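Student: with the sequence up front, the predicted model follows.
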Amino acid sequence: GTMTFSSSKEAMVNVTTLPVGRVKEILAMNRAGKKADQLVDEADMPPAVEEPNYGSESVEDSITRFDKARRRKRSGRSGRG
């Protein structure tokens, strides 16, 4: 399994995902008073899954593109006397 950590206690920023075995190694080092040089050993991590690229047009489209245009209501006043 994996565990995910953040560098901030208040927010999920600088998120790092580590294998459980590596987390246990780092905890043991911390108990011994040592700090890990690197959190992630590149050899231990599985290859990253590449996210599909749907093209830039999907990012640039307006979020209201499917909304139906509404007709404006006429004012109740007629200019006739």
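Tutor: Yep, it's here.
Student: so residue 22 versus residue 74, what's the distance?
Tutor: 68 Å (C-beta to C-beta, to the nearest Å). To be clear about C-beta, it is placed using only N, CA and C from the backbone, and glycine gets the same treatment.
Student: of those two, which one has the most company?
Tutor: Per other C-beta atoms under 10 Å, whichever of residue 22 and residue 74 has more neighbours is residue 22, with 18 against 7.
Student: now find how far off-centre the helix or strand containing the more buried one is within its chain.
Tutor: In this structure, residue 22 sits in helix 20-31 according to DSSP states H and E. Centroid separation for helix 20-31 versus its chain: 26 Å, with C-alpha atoms, centre = their mean, to the nearest Å.
Student: confidence score at residue 33?
Tutor: Among the per-residue scores, residue 33 holds a pLDDT of 92.
Student: what sits against it?
Tutor: If a contact means C-beta atoms under 8 Å, 6 or more residues apart in numbering, then residue 33 has no contacts.
Student: look up how far residue 76 lies from it.
Tutor: Relative to residue 76, and taking C-beta to C-beta, residue 33 is found at 79 Å.
Student: just residue 70 next, same as before
Tutor: 18 Å.
Student: try residue 19
Tutor: 69 Å.
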